[in-house]
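Asker: Show me the folded form of this:
(one chain, ligands or ions: 2)
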Amino acid sequence: MAGFDDLASERSKAQFDVEEMKVIWAGSRHTLEVSDRISRLVANDPVFRKDTRTMLSRKDLFKNTLRKAAHAWKRIIELRLSEEEAAELRFYVDEPAFMDLHWGMFIPTIKGQGTEEQQQKWLPLAYKMKIIGCYAQTELGHGSNVQGLETTATFDPQTDEFIIHSPTLTSSKWWPGGLGKVSTHAVVYGRLIIDSKDYGVNGFIVQLRSLDDHLPLPGITIGDIGMKFGSGAYNTMDNGVLRFDHVRIPRDQMLMRVSQVTREGKLVQSNVPWQLVYGTMVYVRQKIVSDASCALSRAVCIATRYSAVRRQFGLQSNGIETQVIDYKTQQSRLFPLLASAYAFRFVGEWLKWLYMDVNQRLQASDFSTLPEAHACTAGLKSLTTSATADGIEECRKLCGGHGYLCSSGLPELFAVYIPACTYEGDNIVLLLQVARFLIKTVSQLGSGKEPVGTTVYMGRVEQLMQCHCAVQKGFLELSADLVQAAVAHCQLIVVSKFIEKLQQDIPGKGVKGQLEALCNIYALFILHKHLGDFLSTGCITPKQASLANAQLRSLYSQVRPNAIALVDAFNYTDHYLSSVLGRYDGNVYPKLYEEAWKDPLNDSVVPDGYQEYIQPILKQQLRNARL
Ligand SMILES: CCCCCCCC/C=C\CCCCCCCCCCCCC/C=C/C(=O)SCCNC(=O)CCNC(=O)[C@H](O)C(C)(C)COP(=O)(O)OP(=O)(O)OC[C@H]1O[C@@H](n2cnc3c(N)ncnc32)[C@H](O)[C@@H]1OP(=O)(O)O
Ligand SMILES: Cc1cc2nc3c(=O)[nH]c(=O)nc-3n(C[C@H](O)[C@H](O)[C@H](O)COP(=O)(O)OP(=O)(O)OC[C@H]3O[C@@H](n4cnc5c(N)ncnc54)[C@H](O)[C@@H]3O)c2cc1C
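Answerer: Ligands and ions are numbered 1, 2, ... in the order given. Alright, predicted model coming up:
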């Protein structure tokens, strides 16, 4: 039967050891074992079903998410899962929820910005989930411009408290996930005011709801901000609105690792850079880069499997049509995305290392690598999320009409994913940060300070000094071009980290060869995409450009027989993919047919509303009434 046979035959053609590639993708044999075990645990648990998600009303959807979160937490306790296993469980449950913000932002903020005493007080409560926290930074009027936040935290020396207040409508906290209906606490970012003097934005731990009856505490107005893009998707999250009316908190609830306010109301700066107030964003941006490879690989897995099952035109001698994956146009759209998924995986691994390194240095009061860590996390977050969002949409198109059905899994994946281009920093705003970092590096070139890390290549490019003079005349005027320069810098990082990966010991028959092909596809595809820039700057000649294109075509042919095995190496369960088109067994058509009948519209043969609206038209009662 079509599908079954197609994918089985594809798998038999693979020229490399898929099991070893799974290890490379997972990062280690241990990680593969954990991820494999937990993904099956989730797939086999009926509470974690997600096939009806797109059809539920918001209330039912949200309640179901609460049920899943409670069940997940119960299983984590019962099975004594480690932090690594719990994170895998969250990943495979595959449903954005308040837990993400509690574990992914609230706890890391206390760890990164709290003093030891504050950590000792708050972390045990948070780890046991006796309190649930969120990250309340963005306001109705300001998201990107963090220094423009309006919420105030005024020190009252009489009572040794801060008064948290929302002075305007635009100062309402707006967007924080987990805030709307669940969180009992929040890290709230607001302006520190002492003696009428404004000391800029700092973080404060504020209790929002009673731990007895979950009602908002006095002076607090709180709610959900409403439905978001798509059905199911990010609507499982209670993104919230929050206003404070002179809410008092004890002085020791200001996060005081960066600066402290004494009992007398004096501000004392510690030796850590003030930018650490932005530290949680660096951590999360790094995580978002790893997640990009997951979302893109998931879409690519669906599109690749379906492209091997789907046949159109070109009857062969046996009377069967051509698999669409054999069309060169399909390959030239699909294989660069496959290569990108692997490229983002490896750059994500490297970024994780960079983040751990900068963290260790911070503990030892070495702050020298913080600007580079900020630039790399900001730039790579921007590059990988934009490419992934575009890539998911391309995968939908690669699946033709069926890709538009919710049962393909692609619409919901797209709807859940696209806000990643905005949250944790709008992608353009983040690229401007990278541009600023690059210009600063260039400006130091003549001063004897050698560029290091990801900017080391700059020391070798003489024209850069002139660039600097030009940019000095107007950063804002040139910002659109600077953003392109920032993207190019980040692309260079992605390609170099892929090449560095290939220099490691890579066991398994044919595995290294496949990765080399993917690395070359990624690099040549970027070159192809920006051919105009490469040619106009004289970096390559037209002859080299056409050789590169020919090489790209030849690489596609090299990858073609291995395409299915390369997506099998992601080791995704059917539950995680939640796509009829991407099924492991390729049994697409019978399952598509079956899925259609599950739609609530098919509960009755004659639809609700027939008698009120269809029958009168058919019987021409409406027309007669008007005549
Ligand atoms: C149902 C199932 C449940 C299962 C449950 C299972 C249990 C769970 C178990 C485990 C679960 C684990 C879960 C983990 C999940 C983890 C994922 C987390 C989920 C993520 C969800 C995301 C939700 C979204 C959150 C948000 O969006 S939060 C808000 C983010 N906001 C922004 O990003 C704002 C963007 N703006 C800025 O960052 C800045 O304001 C700015 C644009 C950088 C401008 O800053 P500003 O100071 O005004 O200007 P500058 O002059 O440019 O900068 C000054 C200076 O600072 C440097 N700088 C800037 N930023 C940084 C930084 N971040 N770090 C270091 N340095 C920085 C800049 O370079 C300048 O330096 P110089 O002066 O030296 O040049
Ligand atoms: C799903 C989702 C979840 C979120 N979760 C949280 C959360 O948990 N906690 C939290 O605090 N926040 C959260 N946010 C808010 C998020 O961090 C902000 O929306 C984000 O930082 C962008 O800020 P903004 O909305 O103010 O966009 P704006 O800055 O208003 O952007 C609007 C446009 O202006 C452009 N622009 C802005 N500044 C510049 C500039 N200097 N130069 C050139 N162009 C510029 C942008 O590129 C964009 O095109 C969430 C947002 C979403 C969508």
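Asker: The residue in the stretch 451-600 of the chain that ligand 1 sits nearest to in helix, strand or coil?
Answerer: Using C-beta to the nearest ligand atom, the single residue of the stretch 451-600 of the chain nearest to ligand 1 is F475, 10.8 Å away. Any C-beta I mention is one placed from the backbone N, CA and C, and that applies to glycine too. Here F475 is coil, with the state taken from DSSP: H, G, I helix; E, B strand; the rest coil.
Asker: Strands along this protein, start to end?
Answerer: In the chain, the segments counted as strands under DSSP state E are 133-136, 152-156, 161-165, 173-174, 185-194, 197-207, 220-224, 240-244, 247-250, 259-261, 267-269.
Asker: Please work out which of these is packed deepest.
Answerer: strand 133-136 (a mean of 29; mean count of other C-beta atoms under 10 Å).
Asker: Show me what from the chain comes close to ligand 2.
Answerer: Contact residues, the chain versus ligand 2 (C-beta under 6 Å from any ligand atom): 101, 135-138, 143-144, 175-177, 234, 239, 419, 422-423, 425-426, 428-429, 432.
Asker: before we move on, the earlier item: out of the strands of the chain, which gets nearest to C294?
Answerer: strand 133-136 (21.7 Å; C-beta to C-beta).
Asker: Give me the sheet partners of that closest one and which way each runs.
Answerer: Paired neighbours of strand 133-136 in the sheet (DSSP bridges): strand 185-194 (parallel).
Asker: Residue of the protein closest to ligand 1, please.
Answerer: Nearest residue of the chain to ligand 1: G104, at 2.7 Å (C-beta to the nearest ligand atom).
Asker: Report how many residues lie close to that residue.
Answerer: Counted with other C-beta atoms under 10 Å, the neighbours of G104 add up to 20.
Asker: My guess is it contacts K287. True?
Answerer: Yes. Using C-beta atoms under 8 Å, G104 is in contact with K287, at 6.9 Å.
Asker: how far does stretch 257-271 sit from the chain's center?
Answerer: 35 Å (C-alpha atoms, centre = their mean, to the nearest Å).
Asker: Domains in the chain, by residue range?
Answerer: 1-38+276-432+480-620, 50-270 (automatic domain parsing).
Asker: Save those as JSON lines, and put in mean pLDDT too.
Answerer: Listed next are the domains of the chain as JSON lines, based on pLDDT from 0 to 100:
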{"stretch": "domain 1-38+276-432+480-620", "mean pLDDT": "96"}
{"stretch": "domain 50-270", "mean pLDDT": "97"}
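Asker: what's around T377, how many residues?
Answerer: Using other C-beta under 10 Å, T377 has 28 other residues around it.
Asker: Return the residues in contact with it.
Answerer: T377 makes contact with 282, 285-286, 289, 351, 355, according to C-beta atoms under 8 Å, 6 or more residues apart in numbering.
Asker: will you turn those into TSV that also has neighbour count?
Answerer: Formatted as TSV, these follow (neighbours: other C-beta atoms under 10 Å):
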residue	neighbour count
V282	23
R285	25
Q286	23
V289	28
L351	25
Y355	19
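Asker: Do I have it right that Y199 meets V268?
Answerer: No. Y199 is not in contact with V268 according to C-beta under 8 Å; the separation is 11.2 Å.
Asker: joint contacts of the two?
Answerer: Joint contacts of Y199 and V268 (C-beta under 8 Å, 6+ apart) are S259.
Asker: out of everything not next to it in sequence, what's closest to the residue nearest the centre of the chain?
Answerer: The centroid of the chain falls nearest to I288 when counting by C-alpha atoms, centre = their mean (3.9 Å). Ranked by C-beta to C-beta, 6 or more residues apart in numbering and with sequence neighbours excluded, the top spatial neighbour of I288 is K381, at 5.1 Å.
Asker: Does the one you found touch V289 like I think?
Answerer: Yes. With contact defined as C-beta under 8 Å, K381 counts as touching V289 (5.7 Å).
Asker: thinking again about what came up before, and the gap between the residue nearest to the centre of the chain and G279?
Answerer: Computed as C-beta to C-beta, to the nearest Å, the I288 to G279 distance reads 15 Å.
Asker: Could you do R29 as well?
Answerer: On the measure of C-beta to C-beta, R29 and G279 end up 32 Å apart.
Asker: neighbour-wise, which of those two wins?
Answerer: More crowded of R29 and G279, by other C-beta under 10 Å: G279, with 25 against 11.
Asker: Tell me which residues touch the closest residue to that one other than its chain neighbours, please.
Answerer: Spatial nearest neighbour of G279, excluding adjacent residues (C-beta to C-beta, 6+ apart): G112 at 4.4 Å. Neighbouring residues of G112 by C-beta under 8 Å, 6+ apart: 257, 276, 279-280, 283.
Asker: now the helices: where do they sit in the stretch 301-450 of the chain?
Answerer: 328-363, 370-398, 410-417, 427-443 (DSSP state H, counting those that start in this stretch).
Asker: distance between the third one and the chain's centre?
Answerer: Just to be clear, that refers to helix 410-417. 12 Å.
Asker: can you check stretch 492-507 too?
Answerer: Offset of stretch 492-507 from its chain centre (C-alpha atoms, centre = their mean): 22 Å.
Asker: swap in stretch 569-586?
Answerer: 20 Å.
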